[in-house]
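Asks: A structural model of the following input is requested.
(one chain, ligands or ions: 1)
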Amino acid sequence: MAEERSEGDKDAGDTAALFGKVPSYKFKRPNAVFRNFITQDGSSGYPAEANRYHLYISYGCPWACRCLAVRNIKGLQDVIGVTVVKPVFERTRPDLDEHMGWAFATFENEEPRASPDPINNAKFIRDLYEISDLENSKKGRYSVPVLWDIKSNTIVNNESSEIIRIFNSEFNHLARNPDLNLYPVELQASIDEVNSWVYDDINNGVYKVAFSTTQEDYDRTVNALYAGLDRAESLLEEHRYLVGDILTEADIRLFMTLIRFDEAYAVNFKCNKRLIREYPNLFNYTKDLFQVLCTWQDSRVGETVDFYHICKCYFSNFVGLNPYKIIPIGSTSWVDWSTPHNRDRF
Ligand SMILES: N[C@@H](CCC(=O)N[C@@H](CS)C(=O)NCC(=O)O)C(=O)O
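Replies: This next block holds a predicted model:
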């Protein structure tokens, strides 16, 4: 069930490139460490049970939001709980080291839509990694999403591409939408193929652009990003979704990058050759996805998009890119993702 080559495995590397410091080397996304699977039959040691697992996310993070979107669209809201962290990093061990990371709200309403941790009463995502595996956690990357097993008190998986597959296939006996299959067998090869270039050029591509430290690197990565967007634009000329006419995980994965693009990536990440709202197909597709996901069986995936969290997260946490943490005025006020689109012509 795992992706043969998971995204985390592809780009092993250093963590300082991600946040805070200005890196002097090429951007590499570090490996996710926890890679266990939950299975319906329990054969993996982690059986799919209601209210046993908990998902920790940030609304800023596109990787975490894909997990939230799949959990919602499958109708697992009453089966898998969710806690949202605050959008801005904090010092996690002020007396010990310099680490800045995801923090839980200390009380309800401290920050809109962020909450205290109801499961572990942790203060930081870092605490969850240290409870699970202190030695490995010393490598120092404490990312979201985190899928937590309440019963054995550990992180089960922190790789979004795997968590969405777990939610898609392993909880069907508990899901409100068991028949929705975002990774059907007959489309798996096509989905994998699309995921591969969408990940390299677009999902992860925007980060490669942002963390380029030479003009040469920037030129190369930004050209790859726009080649990827152009490729998606022309695919969407022929079909409603990326892999034909049915919604798959490939769409949810692309959507989470597109919806952040004009606000965050075009500005803070220097991805400004063309905005998503200037691409006829990508713009309408993003609206379509937003609307389909919002209304599908009350999945309320639209609630996974929170521009307050997105802007606070992107403009505050990448200190090397935006040292004064100014949040630019942006355009969310005029882009209404719920306005008509032309995608139902297919
Ligand atoms: N491979 C991971 C990547 C997740 C990831 O990069 N999350 C970022 C937020 S967008 C994070 O939590 N970074 C915090 C840190 O690295 O300390 C996945 O797809 O699940």
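Asks: separation between the residue nearest to residue 148 when sequence neighbours are not counted and residue 154?
Replies: Counting by CB to CB, 6 or more residues apart in numbering, the nearest residue to residue 148 once its immediate chain neighbours are dropped is residue 54, at 4.5 Å. Yep, even glycine has a C-beta here, placed from its N, CA and C like the rest. According to CB to CB, to the nearest Å, residue 54 and residue 154 sit 12 Å apart.
Asks: Of those two, give the one with the bigger neighbour count.
Replies: residue 54 (20 against 16; other CB atoms under 10 Å).
Asks: Looks to me like the more buried one is in a strand.
Replies: Yes. Checked against DSSP: H, G, I helix; E, B strand; the rest coil, residue 54 lies within a strand.
Asks: Tell me how far it lies from residue 244.
Replies: Noted for residue 54: a distance of 34 Å to residue 244, by CB to CB.
Asks: does residue 254 really touch residue 242, like I thought?
Replies: Yes. Counting by CB atoms under 8 Å, residue 254 does reach residue 242; the two are 6.4 Å apart.
Asks: Which residues are in contact with each of these two?
Replies: Here residue 254 and residue 242 share the contacting residues 198, 232, scored by CB atoms under 8 Å, 6 or more residues apart in numbering.
Asks: In terms of neighbours, single out the busier of those two.
Replies: Each of residue 254 and residue 242 has its neighbours counted (other CB under 10 Å); residue 254 has more, 28 against 22.
Asks: Need the nearest residue in space to the more buried one, chain neighbours excluded.
Replies: In space, residue 254 comes closest to residue 198 once its chain neighbours are excluded; the distance is 5.3 Å by CB to CB, 6+ apart.
Asks: tell me the contacts of residue 271?
Replies: Neighbours of residue 271 in contact, by CB under 8 Å, 6+ apart: 206, 209-210, 222, 225, 261, 265.
Asks: any chance of the residues you listed in TSV, plus secondary structure?
Replies: Below are those laid out as TSV (three-state DSSP):
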residue	secondary structure
206	helix
209	helix
210	helix
222	helix
225	helix
261	helix
265	helix
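Asks: Between those residues, which sits nearest the ligand?
Replies: residue 206 (10.8 Å; CB to the nearest ligand atom).
Asks: SS state for the closest residue to residue 174 other than its chain neighbours?
Replies: Counting by CB to CB, 6+ apart, residue 174 lies nearest to residue 79, which is 4.7 Å off, once chain neighbours are set aside. Put simply, residue 79 is coil when judged by three-state DSSP.
Asks: who does the residue nearest to residue 148 bridge with?
Replies: Judged by DSSP bridges, the bridge partners of residue 54 are residue 81, residue 148.
Asks: tell me, how many neighbours does whichever residue of the stretch 151-300 of the chain sits closest to the ligand end up with?
Replies: Per CB to the nearest ligand atom, residue 160 is where the stretch 151-300 of the chain lies closest to the ligand, at 3.3 Å. Residue 160: 29 surrounding residues under other CB under 10 Å.
Asks: Let me see the contact set for it.
Replies: Contacts of residue 160 by CB under 8 Å, 6+ apart are 7, 63-64, 66-67, 145.
Asks: among these, which are in helices?
Replies: If you go by DSSP state H, the contacts of residue 160 have 7, 63-64, 66-67 in helices.
Asks: Tell me where the model's unsure across the stretch 101-250 of the chain.
Replies: 140 (pLDDT under 70).
Asks: at 80 instead, please
Replies: 134, 136-140 (pLDDT under 80).
Asks: In it, mark out all the helices, start to finish.
Replies: With helices called from DSSP state H, counting those that start in this stretch, the stretch 101-250 of the chain shows them at 125-132, 134-137, 160-169, 188-197, 205-210, 215-238, 249-260.
Asks: As TSV, these with distance to residue 327 would be great.
Replies: Formatted as TSV, these follow (distance: least, CB to CB, whole Å):
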stretch	distance to residue 327
helix 125-132	22
helix 134-137	31
helix 160-169	25
helix 188-197	31
helix 205-210	16
helix 215-238	23
helix 249-260	14
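Asks: closest one to residue 83 among those helices?
Replies: helix 125-132 (10.0 Å; CB to CB).
Asks: Which helix or strand contains residue 339?
Replies: For residue 339, there is no enclosing helix or strand under DSSP states H and E.
Asks: quick revisit: how far away is the residue nearest to residue 148 from the ligand?
Replies: According to CB to the nearest ligand atom, to the nearest Å, residue 54 stands 16 Å off from the ligand.
Asks: Quick check: that residue touching residue 76?
Replies: No. Using CB under 8 Å, residue 54 is not in contact with residue 76, being 11.8 Å away.
Asks: Which one of the contacts of residue 160 is nearest to the ligand?
Replies: residue 63 (3.4 Å).
Asks: The closest one contacts residue 162, correct?
Replies: No. At 11.1 Å, residue 63 and residue 162 do not qualify as touching, with contact defined as CB under 8 Å.
Asks: Can you name the residues of the stretch 51-200 of the chain that neighbour the ligand?
Replies: Within reach of the ligand by CB under 6 Å from any ligand atom, the stretch 51-200 of the chain has these residues: 61, 63, 101, 141-145, 158-160.
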